[in-house]
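Undergrad: mind looking at a prediction? Sequence and model below.
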Amino acid sequence: MPYKKFCLVCSGKQCASGQSEEIYKELKKLTMEKGICQDVQIVRTGCFGLCSKGPIVKILPDETFYVNVGVKDARAIIDEHIIAGQPVENLMLRHENPAKESRFYQKQVRIALRNCGIINPEDITEYIARDGYAALSMALFEMEPKDIIEELKKSGLRGRGGAGFPTWMKWKFTHDIRDQADEIFIICNADEGDPGAYMDRSILEGDPQSVLEAMALAGYACGSSMGYIYIRAEYPLAIERLYKAMDQAREYGLLGKNILGSGFDFDIEIRLGAGAFVCGEETALIASIEGERGMPRPRPPFPAVKGLWGKPTVINNVETYANIPKIILRGGDWFSRIGTEKSKGTKVFALTGKINNSGLVEVPMGTTLREIIYDVGGGIPNGKAFKAAQTGGPSGGVITAEHLDTPIDYETLGALGSMMGSGGMIVMDEDDCIVDVTKFYLDFSVDESCGKCAPCRIGGRKMYNILRKITMGKGTMEHIQQLRALAVPMQKASLCGLGQSAPNPILSTLRYFEEEYLAHIRDHRCPAGVCKALVTYTINPDICIGCTVCSRKCPNNCITGERKKPHVIDQDNCIKCGICYEGCKFGAVQIA
Amino acid sequence: MDTQQELRLSDDLLAFIDIWKEKRGNLIMILHRIQQDFGYVPKKIAIELSRYIDVPLAKIYGVLTFYHYFKQEKPGRNTLAVCTGTACYLKGAQDLLHEVENLLGAGVKQTTEDGEFSVEAVRCIGCCGLSPVMTINDEVFGVLKTDELAGIISKFHSKSSGQQ
Ligand SMILES: Cc1cc2nc3c(=O)[nH]c(=O)nc-3n(C[C@H](O)[C@H](O)[C@H](O)COP(=O)(O)O)c2cc1C
Ligand code: SF4
Ligand code: SF4
Ligand code: SF4
Ligand code: FES
Ligand code: FES
């Protein structure tokens, strides 16, 4: 008997930290108690993308979204909604402004995330029920390998891992030399190293089968029978779901020997990363799968010709793969109608930082930053002013308020001095210091440099040291020139993308925020009040009402004053911890 | 992890290694499995492994030292990790780290003297919506304030009553 209702419980990581598993169990228990487990199915799903409002529960077919659900709410959901048919008003996703709230999904188009939050990722039949493996079976029985590549070409799909290289071209290189090679490999890059992004993890946790199907399609198109998924060891849930997904796919004859009786063999093995960012770079990744230290190798030869164990290798990113079954099924023309002239389809962003609706969003290429931040993301919290959005992580740059209306695609972001990157999008407000954030990225790149070539190893360290001096109030005007002078040769002479792109955050922020650098150097002032060495806390006597809160909280006992009289900070002893600033409810403590 | 665990390749491990021995590029996968069992890669095991799979010890250590994920020292009973990814950095991850160091007397990559806690800095654990984030073992603590740390940490201390 079919179920009448489905109750989807998000088991993504952020909801799980809010006890979604307990909610799931409670809902299950209640359906047993009430004897309605034949009518309603409780399903664990992947991330819905609205993580900052989790735990999330969704009821289908009603399309009701419940947010911030607690274990205690399970009973109301079952009694009132499932049994009595009355949605539980106070849990529903509806806020100050309903029209605005629903825009979180309205501007989104879900292709790569089509199944995330909708199917149970641990059950292959749910994937199949939503056209899963239809593309593979169509390809195996009705298409030649070259037809698949032709569809990809029409679609205009470009790599989502950072560089934006046309996917069809990579596949074609390998396809064309397949007869000369005794082995060919397909690799999925699931190393996701950008320190503020988690698109790929959510796809693997929410819809692992889509990636397996796409890899099999790549195998068929390029003449390979073996694939590897290189995934960070830090993603245990995604790894577990991949293993389960592979087992089920083999059981259903969708992976392994003679897939669907077509005579085509393809299997996949998982290889774990071990916490080296540089291993996201394709040649380093290949070295790592080979069991070596993950050092990049010079290109050419490109992996498409000489990759894993010296054999032709196609390597693509998780999100790139997730798009492919849908493209094959609906045709490249369909996909190419979405997006801009040179950037087709959609892009998933992990929208984080100073933003109201932090979470995963998938928008058509060409959507403006303003739409992403204000419509989808719900704007900046606490009435603060937008300062910049950072894309491309440690390889990227910033987009400022004046460019909020630029349609986002590979080309426009590049022209602005940033890059699409893998999809991290970090929103900064007036309280964030540009120099400090840039230092953060440089610190990351220096830490992750493999040390193989000097421009990256030495240049990166030098630039980091300069930034550190500036944030400590020891910067000089020459430092700005030095930064520029170091950046360009490092971009040109580094062996791999890490060193080549590590200076990007510096060049980009110098371009748009040189004044803020100068404020640190010339005026010994951090306008955002972040760089501790440059901040002075003072109490404004006109505002202070003498509540004594700050003097009691100050860890160094350097605030004095009588009750109900203005207080004073002893600057010589102040350690600039900022506790008084955060603690004063009247805004009397000010940053200078 | 059993503190009295014997430092030798168990039958389970040997069976695992036997399967992987035949595959190309197996070393990292084997080291992962060893770390899973012991919590780190003990020197004694590395030597034994080197003999068993006939790979020079220098090569094993070359790989171990390249990858941050592998540990060569025995970790504490609990692993406390502060996320220092971008979103968490912007929302005060450094302050959390300082407070952790204050409270435990152990900084990043260190273990407390009583062996209770190892402190780590990790990069984006994918809970940016809850930043700043810290994990202790598998539990995630989000939207953290420095003054909440003492209470949370004490729950994990083996001498505390709130222990799981
Ligand atoms: C330092 C560095 C780190 C990278 N990290 C990743 C990563 O984490 N995930 C990813 O898919 N690609 C990453 N890339 C890009 C890959 O080298 C490669 O271009 C990509 O996996 C190709 O897949 P795509 O064409 O589908 O984007 C990185 C590149 C560099 C230089
Ligand atoms: S650019 Fe940096 S990360 Fe890349 S090979 Fe050179 S040293 Fe290693
Ligand atoms: S907390 Fe604010 S109002 Fe109260 S004494 Fe301190 S500065 Fe004055
Ligand atoms: S910044 Fe810290 S040390 Fe300085 S006055 Fe305020 S509370 Fe005291
Ligand atoms: S983890 Fe539940 S909505 Fe993202
Ligand atoms: S940056 Fe901390 S969870 Fe993403």
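TA: Here it is on my side, so go on. Ligands and ions are numbered 1, 2, ... in the order given.

Undergrad: distance of residue A:462 from ligand 4?
TA: 32 Å (Cβ to the nearest ligand atom, to the nearest Å). The C-beta positions use only the backbone N, C-alpha and C, and glycine is treated the same way.

Undergrad: likewise residue A:192?
TA: In terms of Cβ to the nearest ligand atom, residue A:192 sits 38 Å off from ligand 4.

Undergrad: number of nearby residues for the nearest residue to that residue once chain neighbours are set aside?
TA: Distances taken as Cβ to Cβ, 6 or more residues apart in numbering or on different chains put residue A:200 closest to residue A:192, at 4.4 Å, once the chain neighbours are dropped. By the criterion of other Cβ atoms under 10 Å in any protein chain shown, residue A:200 has 33 neighbours.

Undergrad: residue A:200 belongs to a helix?
TA: Yes. Residue A:200 forms part of a helix when assessed by DSSP: H, G, I helix; E, B strand; the rest coil.

Undergrad: look up how far ligand 4 lies from it.
TA: In terms of Cβ to the nearest ligand atom, residue A:200 sits 41 Å off from ligand 4.

Undergrad: these two touch, right, that residue and residue A:317?
TA: Yes. Taking Cβ atoms under 8 Å as the definition, residue A:200 is a contact partner of residue A:317 at 7.0 Å.

Undergrad: from residue A:70, how far out is residue A:15?
TA: From residue A:15 across to residue A:70, the span is 12 Å (Cβ to Cβ, to the nearest Å).

Undergrad: nearest to ligand 6: which residue in the stretch 151-300 of chain A?
TA: As assessed by Cβ to the nearest ligand atom, ligand 6 sits closest to residue A:196 within the stretch 151-300 of chain A, at 5.0 Å.

Undergrad: what sits against the nearest residue to that residue once chain neighbours are set aside?
TA: Nearest residue to residue A:196, sequence neighbours excluded (Cβ to Cβ, 6+ apart): residue B:86, at 3.3 Å. Residue B:86 makes contact with A:195-196, A:352-353, A:390, A:393, A:424, A:426, A:437, A:440-441, B:124, B:128, according to Cβ atoms under 8 Å, 6 or more residues apart in numbering or on different chains.

Undergrad: could you report the pLDDT at residue B:86?
TA: Looking at residue B:86, its pLDDT is 93.

Undergrad: equivalent analysis for the one 5 residues further on, please.
TA: The predicted local distance difference test score for residue B:91 is 90.

Undergrad: can you check residue A:2 too?
TA: 68.

Undergrad: higher neighbour count, residue A:15 and residue A:70?
TA: Each of residue A:15 and residue A:70 has its neighbours counted (other Cβ under 10 Å); residue A:15 has more, 29 against 13.

Undergrad: show me the contacts for the more buried one.
TA: A:9, A:47, A:51, A:54, A:55, A:56.

Undergrad: show me which of the residues you listed is closest to residue A:82.
TA: Proximity of the contacts of residue A:15 to residue A:82 (Cβ to Cβ) peaks at residue A:9, which lies at 13.2 Å.

Undergrad: lowest average confidence across helices and strands of chain A, where is it?
TA: Lowest mean confidence among the helices and strands of chain A (mean pLDDT, DSSP states H and E): helix A:98-106, at a mean of 60.

Undergrad: again, but for chain B
TA: strand B:139-141 (a mean of 85).

Undergrad: just the element for the residue of the stretch 301-450 of chain A found nearest ligand 2, please.
TA: Across the stretch 301-450 of chain A, no residue is closer to ligand 2 than residue A:450, which sits at 3.5 Å (Cβ to the nearest ligand atom). Under the criterion of DSSP states H and E, residue A:450 resides outside all helices and strands.

Undergrad: farthest residue from the center of chain B?
TA: residue B:22 (28.5 Å; Cα atoms, centre = their mean).

Undergrad: farthest pair within the contacts of residue B:86?
TA: Of all pairs drawn from the contacts of residue B:86, the greatest distance, 15.8 Å, lies between A:441 and B:128 (Cβ to Cβ).

Undergrad: more neighbours: those two, which one.
TA: Higher neighbour count among residue A:441 and residue B:128: residue B:128, with 34 against 28, using other Cβ under 10 Å.

Undergrad: that one and residue A:357 touch, don't they?
TA: No. Under the criterion of Cβ under 8 Å, residue B:128 is not in contact with residue A:357, lying 11.9 Å apart.

Undergrad: interface residues of the stretch 51-200 of chain A facing chain B?
TA: Neighbours of chain B within the stretch 51-200 of chain A, by Cβ under 8 Å from any Cβ of the partner chain: A:51, A:52, A:54, A:193, A:194, A:195, A:196, A:197, A:198.

Undergrad: what about the first one, distance to residue B:99?
TA: Per Cβ to Cβ, residue A:51 is found 25 Å from residue B:99.

Undergrad: which one's more surrounded, those two?
TA: residue A:51 (31 against 20).

Undergrad: now the residue lying closest to residue B:146 once chain neighbours are set aside: phi and psi?
TA: Ranked by Cβ to Cβ, 6+ apart and with sequence neighbours excluded, the top spatial neighbour of residue B:146 is residue B:99, at 4.3 Å. When read as degrees, to the nearest 10, the backbone of residue B:99 gives phi -70, psi -40.

Undergrad: please apply the same query to residue A:507.
TA: Phi and psi for residue A:507, reported as degrees, to the nearest 10, are phi -60, psi -40.

Undergrad: tell me the pLDDT at it?
TA: For residue A:507, the model assigns a pLDDT of 96.

Undergrad: quick check: it touching residue A:417?
TA: Yes. Applying Cβ under 8 Å, one finds residue A:507 in contact with residue A:417, separated by 6.6 Å.
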